[in-house]
Structures are given as C-alpha cells and as structure tokens.
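Q: turn this into a structure:
(2 chains)
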Number of protein chains: 2
Amino acid sequence: MENCDKKAVVLLSGGIDSSTCLAIAKQQGHETYALSFQYHQRHQIEIAAARRVAEAFKVEAHMILELPLGNIGGSALTADIEVPKSADVSLMPKGIPVTYVPARNTIFLSFALAWAEVLSAENVFIGVNALDYSGYPDCRPEYIHAFETMANLATKKTIEGTIRFRIHTPLIRLSKAEIIKKGIQLGVDYGITHSCYDPDPHGRACGHCDSCLLRRKGFIEAGEPDPTIYVK
Amino acid sequence: MENCDKKAVVLLSGGIDSSTCLAIAKQQGHETYALSFQYHQRHQIEIAAARRVAEAFKVEAHMILELPLGNIGGSALTADIEVPKSADVSLMPKGIPVTYVPARNTIFLSFALAWAEVLSAENVFIGVNALDYSGYPDCRPEYIHAFETMANLATKKTIEGTIRFRIHTPLIRLSKAEIIKKGIQLGVDYGITHSCYDPDPHGRACGHCDSCLLRRKGFIEAGEPDPTIYVK
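A: Purely as a prediction, here's the structure:
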C-alpha cells in the first residue's frame, strides 16, 4: 500500500512564492515532486531558478513540461505585448494586469492533477496568494476550492476511492513580507530564486515590473536584505 | 460589442463524437473554433481526421496544440502499455480501461477555457458521453458541472462580468447509435472521421480496440452503413 498522503506535487516556477511553498511542503513531511512549465520567452532563466530550488530542497523528481500557451496568446507574458513598468508599487495600474495569462493556474493544476494521479499523490501544492497578489482571479480561495471539487470528480483513482486530492495553498493569506520571513525560517535561499517578468540578457531583474516591485517591497517590509541583482 | 454568445470553442479529436458535436454547434448557429491536441503516437492519423472534419464544417479557425502528456504517462494511449483488444463489445473488460489518460478532459477543457477567454467566446463544446462511453470519470455530468463552476471563477473576463462560460455536452445522454443518426441528419461524413486506438501504418482501423468495437456496434444499432475500413 502506497502512502498517498505523504506524496505531494508542488508547482514550482522558481520565484519567491513557489519556492517557499516547496519549503513548507517539505517541512510538513511530504515527499515532494516538483512540476515546472516552459511557456514564455523568459523560461530559460525561470527554469534555471526552478532547477536550483528543486535541487536545494532535494525533491524526489522534477518534471519540466513545455506548454503551447504562446499559441493561445492574450498575455504580455506569452504574446507580443509590452510588460508594464512602474516607478513604485503605489503607481502600479489597478485591476487585472496585462501579465495575466488566460486560465494559467487551471492549466497548471490540471497537469499537476494528472501527475498526482500517476504518482498516487493526494497532495498538490500551489503558491497562490490572495493578499499581496497581482490581481489574478485564479489565485483566490473560491477558485481553488472549486478546482479541488472538480478534481475529485475527474480521475480514475478518486472515483475508485483510492485517493482524495487536496489542493494546498499555504501562502494564500500571507503578505509577501510574511512569505519571505517564513521562507527564511525554513532555509530558502532567495538568492537562487527569480521573479522578474522582463530580465535583461544576463538574467538580471529589471526592478520595475509588477513582480520586481512586489518582491522589493516584500524584502523591505520583512526587514530582510534583498539578495536580488536589479538592473536599476 | 462582440457577440460572445455566438462564438464556441469545440474540442475536436476527429472521431465520431467530437465531429457530431461540431455539427450540432454549427446547427445551433455558433461561430465555431475547433481545438485539437497532439499527445500520443497515433496523433498524425487523428489530426488528419480532425483537419478534414474542421474543413468540411468550415470552422472560423482550427488550433492544434502539442501537449506533453507522454511525459506524465499512466495510459495505454501515451505510455508503452498495450492497447487491449476484444472479439466483441460484450467481452470488453469492465471498469475504467487502460486507455484512460489521467486528467485528460480537465487538461483539454483548461486549454479550451484559455482560448475561449482570448476569443471572448462564452461557449465550449465537448463530445463526452456518459451512456455508451468507455468508463471514463471525466465524461460524467457531475464532472462537467464542477468544471463549469470552476471555470466561471477562474478567468479575468468572468470576474469582470463580461462573459459567462457554458460547457455544452450535447451528446452526454445519447447512445452511440443515436449520435450517429443525429450526425447523419446534420451532414457528418463519418468516412472522414477516425476512432481507432491502434491503427495500422496505413491508418486503417484495427477493428477490435474498445473504440473500434463501440463504433462498429453504433453503426449496426443505428442501421447505417459503417464507412470505416477495418483491418479485420
């Protein structure tokens, strides 16, 4: 009899949130299986970060899947739309930003569900955040709850009653500063993570996209040194 | 103002069910956008069928996406597991078959959702069938309903209130024979469709996999000639 309750698929982009999420899954005693996706221009830098983090946390396996999200478009991250920059968090445009990727978390969680079923893993971890998030609809608790309900009707092993999927969102109510503090407690080296939506050719963070601004603010509010090298 | 209510993304594998589903979407007056996936060994033959059907029904666009389901495995369709053959439908093994692909419809519907949002299409059609189906959990009404609920919490346009997604399953309560009769009424040429899980190198149907057996039985019960060329 496999220990389904111990195994966890962890979505890992190599940024602050997913890296902290992996650290939490490990701390809770899970056998972790990291899942990353290549789907946009900056994927080389992001995947390199995900690999470093997966290695640092000694995951059982790290699967990297290439997804054709660019064909669908509709986002500054996958189509030819400029990534917006602001001088400060307070100047970030309100509402759902152009970096929103249509149905991204639904697609990511669907692949996590498929792998979880093959592994007989009951647990899926995703580092979504409803507080300091960038306004994405698929980061809210009601969305995650609806996905979990659907997942438990979707697969052979749930119908047969051998496993029951749980989508874990340990960061959902935390601020970026709280996430960073938690991660540092758990030994996350944020120097090996990557957040920027628009890095330079050397992989250095732009410092002014939404993701950089939220990262910078998080380190300041956490009172921790930010190990990131920003272009400006 | 776009007519979101008129546009429909139709999942199209090029088999009997999805081709009939496309015909029904057209008959209902939808502008149709066909979505097909390459994810297994026999995809060349299946995609060729999907292209023929999409062309016959003059869809607005046909998107074909390559998905890395083989990396995840867990199915006779994507991994190195033999496709089962039986002499007759009555001898098909009971329960969920090894051709089950983990979370397949969840993955397919997630991409349909992404494209529907980009197109501002309210409608997604999927040819699932809970009656004469092969025992797949993600073909049941309760699963589809849960997916629809989740979808309406997942995306920018649903949160902003500009569209409300509907997952249409016009075949869900029909037998294979009823599907075939309906399709013939609507002008589907089943000679250009493809069902077999294990075709020979010339693309000819094996005649004895679950999919061939259900197809054969469907034509017999519909009292219609089966245009398929079977190896035996």
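Q: what's the first helix or strand after the top helix by length along chain A?
A: For chain A, the longest helix by residue count, based on DSSP state H, is helix A:104-119. Note on helix A:104-119: by DSSP states H and E, the next helix or strand toward the C-terminus is strand A:123-125.
Q: which elements pack onto the longest helix of chain A?
A: Using 3 or more C-beta pairs under 8 Å, 6 or more residues apart in numbering or on different chains; DSSP states H and E, the elements in contact with helix A:104-119 are strand A:7-11, strand A:31-38, strand A:123-125, helix A:141-154, helix B:69-72, helix B:104-119, helix B:141-154. All C-beta atoms are positioned from the backbone trio N, CA, C, and that covers glycine.
Q: which of the ones you listed has the lowest mean pLDDT?
A: Ranked by mean pLDDT, those bottom out at helix B:69-72, with a mean of 86.
Q: how about the helices in chain A?
A: A:16-27, A:43-56, A:69-72, A:104-119, A:141-154, A:156-159, A:176-185, A:210-222.
Q: and B:L22, which of these is closest to it?
A: With C-beta to C-beta as the criterion, B:L22 lies closest to helix A:69-72 of those, at 19.5 Å.
Q: sort out which residues of that closest one are buried, please.
A: By 16 or more other C-beta atoms under 10 Å in any protein chain shown, the buried positions in helix A:69-72 come out as A:69, A:72.
Q: one more: stretch A:44-53?
A: Buried residues in stretch A:44-53, counted by 16+ other C-beta under 10 Å: A:45-47, A:49-53.
Q: in CSV, list those residues along with pLDDT and distance to A:V98.
A: Listed next are the buried residues of stretch A:44-53 as CSV, based on pLDDT from 0 to 100; distance: C-beta to C-beta, whole Å:
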residue, pLDDT, distance to A:V98
A:I45, 88, 20
A:E46, 90, 18
A:I47, 93, 23
A:A49, 95, 23
A:A50, 96, 24
A:R51, 97, 28
A:R52, 97, 29
A:V53, 98, 27
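Q: what angle sits between the longest helix of chain A and helix B:104-119?
A: Here helix A:104-119 points in a direction 170 degrees away from that of helix B:104-119 (axes from the mean of the first three to the mean of the last three C-alpha atoms, to 10 degrees).
Q: minimum distance to B:A87: which of the helices of chain A has it?
A: helix A:156-159 (25.3 Å).
Q: which strands or helices does the closest one pack on?
A: helix A:141-154.
Q: how far off centre is the helix it packs on?
A: Mean-position distance between helix A:141-154 and its chain equals 18 Å (C-alpha atoms, centre = their mean, to the nearest Å).
Q: export that helix as CSV, just CAs?
A: The C-alpha trace of helix A:141-154 is given here as CSV (Å, rounded to 0.1, in the frame of the first residue of the first chain):
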residue,chain,number,x,y,z
PRO,A,141,-9.7,30.8,-2.3
GLU,A,142,-13.1,30.3,-4.0
TYR,A,143,-11.3,29.4,-7.3
ILE,A,144,-9.0,26.9,-5.6
HIS,A,145,-11.9,25.3,-3.7
ALA,A,146,-13.9,24.9,-7.0
PHE,A,147,-10.8,23.3,-8.6
GLU,A,148,-10.5,20.8,-5.8
THR,A,149,-14.1,19.8,-6.0
MET,A,150,-13.8,19.3,-9.8
ALA,A,151,-10.6,17.3,-9.4
ASN,A,152,-12.2,14.9,-7.1
LEU,A,153,-14.8,14.1,-9.7
ALA,A,154,-12.3,14.0,-12.6
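Q: what angle sits between that helix and helix B:141-154?
A: On the basis of the same axes, to 10 degrees, helix A:141-154 is oriented at 160 degrees to helix B:141-154.
Q: pull out the buried residues from helix A:141-154.
A: A:143-144, A:146-154.
Q: and if you look at stretch A:57-66?
A: By 16+ other C-beta under 10 Å, the buried positions in stretch A:57-66 come out as A:57, A:59, A:62-65.
Q: now find how far off-centre it is within its chain.
A: With C-alpha atoms, centre = their mean as the basis, stretch A:57-66 stands 14 Å off its chain's centre.
Q: follow-up on the earlier one: save the buried residues of stretch A:44-53 as CSV, and put in distance to A:A23 too.
A: Converted to CSV, the buried residues of stretch A:44-53 look like this (distance: C-beta to C-beta, whole Å):
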residue, distance to A:A23
A:I45, 21
A:E46, 18
A:I47, 19
A:A49, 14
A:A50, 14
A:R51, 16
A:R52, 13
A:V53, 9
